[in-house]
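could you work out the structure for the sequence below:
(one chain, ligands or ions: 2)
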Amino acid sequence: MSKITLHDMTLRDGMHPKRHQMTLDQMIDIATGLDEAGVPLIEVTHGDGLGGSSVNYGFPAHSDEEYLSAVIPKMKQAKVSALLLPGIGTVEHLHMAKDLGVATIRVATHCTEADVSQQHIGLARQLGLDTVGFLMMAHMASPEKILEQALLMESYGANCIYCTDSAGYMLPEDVKARIGLLRDKLKPDTELGFHGHHNLAMGVANSLAAIECGANRIDAAAAGLGAGAGNTPLEVFVAVCDRMGIETGVDVWKIQDVAEDRVLPVMDNIIRIDRDALTLGYAGVYSSFLLFAKRAEAKYGVPARDILVELGRRGMIGGQEDMIEDTAINMARERAA
Ligand SMILES: C[C@H](O)CC(=O)C(=O)O
Ligand SMILES: [Mn+2]
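Ligands and ions are numbered 1, 2, ... in the order given. Okay, the predicted model is just below:
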């Protein structure tokens, strides 16, 4: 029987569809439910990680410090992680997170830019934190390129490397090719993780493919609350793992209740594969661009789906959020001409 670590995304990736407006009470309610259900690791920050509060990414209802200080003391068994994108999050944020009791730091870069993670990964490791290298938009690079970048993160001190399907574009064979190569070539004690988005409804299948090839950390969100069509739905994944004899330590019934009774009621919109979320997966577009494209549609009258297809064609990646509105303006002008 294999054993995996489930990492909850509801309170971090789930901040994207909440426009980062989760209240402290909502965070505490969901986090305590996850803790009681046996989820071992819970991520808490702005959707774009520590320091994400900005014009580009959106201002949250509370600071990372307030969210982390509210949640961490309430946890009975779960550990809390924080995401950090170098250039958005700083070493000061990292020290703050460590001082508040964060156990895991996940340093995220675009899948070809691992070299910008050296300082943050090095410091996190030096501070004794569980240190993860998180390679985003992993469908945009070949398995060999992902390996090259993972080796860099491993050399900086990461004890776990994630293959991150930010666009929900990958199919199980894509996941297997990347995770399989990483398992083959990284140190045997470097853990591997997979982060899925459910835009093509492949979150569960892709996570199983990752486990089959050696991943032991899997990200998922209760009721799927995450960017785009959401992350791999946690309560579904727990039930599937239970049926397959994969040990998660999470209670099948309690996690269903968290999804149904605590997460569903706080959704601003039901997380589902609507045509725009489906287009993210189909065209390979960063999932957190969804709401930006919907807002641009409302402002400029260009369908969000068309904007997303164009962003995919241009190969736009996280950090280029300000270009979405420019793209919509240009498309609106061209269409009016
Ligand atoms: C900052 C992003 O939301 C990180 C993530 O969850 C992804 O790339 O997917
Ligand atoms: Mn994500």
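
which stretches of the protein form strands?
Listed in chain order, the strands of the chain (DSSP state E) span 5-8, 41-43, 79-84, 104-110, 130-136, 160-164, 191-195, 217-220.

for stretch 244-254, measure first residue to last.
19 Å (C-alpha to C-alpha, to the nearest Å).

check what pLDDT the residue of the stretch 201-337 of the chain found nearest ligand 1 gets.
Residue of the stretch 201-337 of the chain nearest ligand 1, by C-beta to the nearest ligand atom: residue 288 (4.9 Å). Just so you know, the C-beta spots here come from the backbone N, C-alpha and C atoms, and that holds for glycine as well. Listed pLDDT for residue 288 reads 97.

ok, it - contacts?
Residue 288 makes contact with 16, 47-48, 166, 227-228, 318, 321, according to C-beta atoms under 8 Å, 6 or more residues apart in numbering.

can we see that at 6 Å?
Counting by C-beta atoms under 6 Å, 6 or more residues apart in numbering, residue 288 touches 16, 227.

give me phi/psi at the residue of the stretch 101-250 of the chain at minimum distance from ligand 1?
Relative to ligand 1, the nearest point of the stretch 101-250 of the chain is residue 166 (3.2 Å; C-beta to the nearest ligand atom). Per-residue torsions, residue 166: phi -60, psi -30 (degrees, to the nearest 10).

so it sits right up against residue 139, yeah?
No. Contact criterion C-beta atoms under 6 Å: residue 166 and residue 139 do not qualify, at 8.2 Å.

out of the two, which sits in the more crowded spot?
Shown here are residue 166 and residue 139; by other C-beta atoms under 10 Å, residue 166 has more neighbours (31 against 20).

from residue 110, how far off is that one?
Distance, residue 166 to residue 110, using C-beta to C-beta, to the nearest Å: 9 Å.

identify the contacts common to those two.
The contact lists of residue 166 and residue 110 share 136-137, where a contact means C-beta under 6 Å, 6+ apart.

coming back round to it: reformat the strands of the chain as a markdown table; add mean neighbour count.
Formatted as a markdown table, these follow (neighbours: other C-beta atoms under 10 Å):
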| stretch | mean neighbour count |
| --- | --- |
| strand 5-8 | 26 |
| strand 41-43 | 22 |
| strand 79-84 | 26 |
| strand 104-110 | 26 |
| strand 130-136 | 25 |
| strand 160-164 | 27 |
| strand 191-195 | 25 |
| strand 217-220 | 28 |
